[in-house]
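>>> Sequence and predicted structure are below.
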Amino acid sequence: RVVRGWGPRRSVSRRMGSGTGPSSGADIPCDCDSDSFVEFELAMPPGHHWTNPSGHAILSNRRTRGSGARFQTTDVNCYQPERKTIMTTPLRAAVIGCGTVSYAHLWGWRSLAPLVELVAAADPSPEARQARAAEFGVPQVHAEAGEMLERERPDLVSICSPPQTHRQMVELAVRSGARGILCEKPMALTAADAAEMVRVCQAAGVRLALGYQLRSQLYNRQAAQLVQDGIIGQPLFARAICGGSMISTGTHTFDLLRYVLGDPALEWVMGQAVFGDPPYWDGGPAEETSATGYYRLAGDITALFEGGEAASAFHHIFLEGTEGHLQIRPFDEPKASYRRFEHWDWQVIDPLADPEIPPLPEGAPPLPDDRPGWDLDPGDECHPFRLEMLELVQCVRQGREHRASGELGRASLEAVLGLYESARRRDRVSFPLT
């Protein structure tokens, strides 16, 4: 029989090598780091078990973190495996929606081979799905997302369909047995839909992440760590500037602001916005021409958001603390910097060094660099689209939450909806929204 298991390589290797029998003491041949999580497969005669001296078999399909998966066995004396192999079984990925943003997802999953195998994509447009299949080598394409999920049963699902479909797509993915979901922003168009998406995934043990790739940008990660380490003291005031509508691109900027600050809870907002026709509260997605919001966050932090025509920059963040300033300007150089009041000179923030980032596979297609906002090191192994997907793989393997988890994404969506509601009421709106 074949038994598959999963656990930290160091733990699995040690326990496999400490059994009794002819293969006792043999280490596992594996090139990955000792702290990596790996899957293993064993084939052995019926009635035989691979055990360690404590009498616990190390073979199980239960996932745990921090220790090998084990179960009790009464047969502790026989150790006669026919073969022993370690493998990192690829997770199967599929993409729902083949519009513009699907380029990043299809490229991202392809760039993570052999950790991930891109197996399918779905879109009601024959032209769109065939074009993506040809460009990224997608083996299977479908007209309907439900059909694709039912037939392909992917482990990972990217949702790139219109925002009003996101809740339905998440529910379909969970029902099909997906283990990780990466949903594009905006998460939904109502707070109720967003809350239900989080609830459904949590109930099923599915890792839900939102497409806030700026959180994965290495210099943003380093900036967030510096703020948490107190480089500017206690944050007091923050300013977020984005030249697009808040629900489309401004949500990225405000989410990045919350991330760098350590994701403090929202308390209230006073906002004003100038809308097109139809406005958000009449049922259509908001695409305001200008928006300004004044927020209160936990920890006595105030924040100002400027969007649309009112904005003078794109994805700019400025923080003021009791001991200094920090700024992020992704389309300028330096991209991130800080200064402490005692010195006053700006210091460049270098990207966070992350040794767990795998190299691009040989022959990986480059990320198209002619898409707006995608010129952040296109084709680089550290591109934030790729890093957010790599983290979802790690979250599925290790059973942990993503830095852009569904719950954090829900809060960022509420920041947008709260500003719109404040503009409609001409009054202050408190969080969480009801």
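Yes, it's here.
>>> number of nearby residues for the residue nearest to residue 228 when sequence neighbours are not counted?
The shortest distance from residue 228 to any non-neighbouring residue, by Cβ to Cβ, 6 or more residues apart in numbering, is to residue 262 (5.7 Å). To be clear about C-beta, it is placed using only N, CA and C from the backbone, and glycine gets the same treatment. By other Cβ atoms under 10 Å, 15 other residues sit near residue 262.
>>> element containing residue 232, please.
Assigned by DSSP states H and E, residue 232 belongs to neither a helix nor a strand.
>>> residues in contact with the nearest residue to residue 221 once chain neighbours are set aside?
Leaving out its chain neighbours, the residue that sits closest to residue 221 by Cβ to Cβ, 6+ apart is residue 352, at 4.5 Å. Going by Cβ atoms under 8 Å, 6 or more residues apart in numbering, residue 352 touches 218, 219, 221, 222, 225.
>>> Among those, name the buried ones.
Among these, those buried by neighbour count (16 or more other Cβ atoms under 10 Å) are 218, 219, 221, 222.
>>> closest to residue 406 among those residues?
Nearest to residue 406 among the buried ones among the contacts of residue 352, counting by Cβ to Cβ, is residue 221 at 19.6 Å.
>>> Let me see the contact set for residue 232.
With Cβ under 8 Å, 6+ apart, residue 232 has these contacts: 226, 319, 320, 321, 322, 323, 324, 325, 326, 338, 340.
>>> so where's this structure uncertain?
Within the chain, the stretches with pLDDT under 70 are 1-88, 276-286, 365-379.
>>> 80 - rerun?
1-88, 275-287, 310, 355, 363-380 (pLDDT under 80).
>>> Please enumerate the helices of it.
9-16, 102-111, 126-136, 145-152, 166-175, 191-204, 218-228, 251-260, 384-398, 406-425 (DSSP state H).
>>> Relative to residue 296, which of those is closest?
Per Cβ to Cβ, nearest to residue 296 of those: helix 406-425, 11.1 Å.
>>> So which elements touch the closest one?
In terms of contacts (3 or more Cβ pairs under 8 Å, 6 or more residues apart in numbering; DSSP states H and E), helix 406-425 is packed against helix 191-204, strand 207-210, helix 251-260, strand 266-274, strand 290-297, strand 429-430.
>>> Now with 6 Å, please.
Applying 3 or more Cβ pairs under 6 Å, 6 or more residues apart in numbering; DSSP states H and E, we find helix 406-425 packed against helix 191-204, helix 251-260, strand 266-274, strand 429-430.
>>> Name the residues that touch it?
186-187, 191, 194, 198, 201, 208, 210, 246-247, 251, 254-255, 263, 266, 269-273, 280-281, 286, 293, 429, 431, 433 (Cβ atoms under 6 Å, 6 or more residues apart in numbering).
>>> So what does the residue nearest to residue 221 look like in phi/psi?
Residue 352 adopts backbone torsions of phi -60, psi 130, taken as degrees, to the nearest 10.
>>> Now do the contacts for residue 121.
95, 98, 129, 132, 138, 141.
>>> and which of the residues you listed is nearest to residue 162?
Compare each of the contacts of residue 121 with residue 162 using Cβ to Cβ and the shortest gap goes to residue 98, at 12.2 Å.
>>> what's the distance between the residue lying closest to residue 401 once chain neighbours are set aside and residue 389?
Among residues not flanking residue 401 along the chain, residue 395 sits closest, at 6.5 Å (Cβ to Cβ, 6+ apart). Per Cβ to Cβ, to the nearest Å, residue 395 is found 11 Å from residue 389.
>>> higher neighbour count, the two?
Remark: of residue 395 and residue 389, residue 389 carries more neighbours, 29 against 19, as counted by other Cβ under 10 Å.
>>> Go ahead and confirm the more buried one touches residue 108.
Yes - between residue 389 and residue 108 there is a contact under Cβ atoms under 6 Å: 4.3 Å.
>>> before we move on, back to that, for residue 241, find the nearest of the helices of the chain.
Judging those by Cβ to Cβ, what sits closest to residue 241 is helix 251-260, at 7.0 Å.
>>> Run through the neighbouring helices and strands of the closest one.
Contact analysis of helix 251-260 by 3+ Cβ pairs under 6 Å, 6+ apart lists helix 218-228, strand 235-242, helix 406-425 as its packing neighbours.
>>> Tell me which of these sits nearest to residue 146.
helix 406-425 (20.9 Å).
>>> about what we covered before: give the buried subset of the contacts of helix 406-425 as a ChimeraX selection command.
To isolate the buried ones among the contacts of helix 406-425 in ChimeraX, judged by 16+ other Cβ under 10 Å, type:
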select :186,187,191,194,198,201,208,210,246,247,251,254,255,263,266,269,270,271,273,280,286,293,429,431,433
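>>> Residue 356 and residue 206, how far apart?
Taken as Cβ to Cβ, the span from residue 356 to residue 206 is 23 Å.
>>> meant to ask about residue 292, not that
For residue 292 relative to residue 206 (Cβ to Cβ), the value is 37 Å.
>>> again, but for residue 159
From residue 159 to residue 206 the distance is 12 Å (Cβ to Cβ).
>>> So if I had to pick from the two, which one is more boxed in?
Using other Cβ under 10 Å as the criterion, residue 159 and residue 206 rank with residue 159 on top: 27 against 19.
>>> from what I can see the more buried one touches residue 169, true?
Yes - under the criterion of Cβ under 6 Å, residue 159 makes contact with residue 169 at 4.7 Å.
>>> Overlap of the contact sets of the two?
Contact criterion Cβ under 6 Å, 6+ apart; residues shared by residue 159 and residue 169: residue 96.
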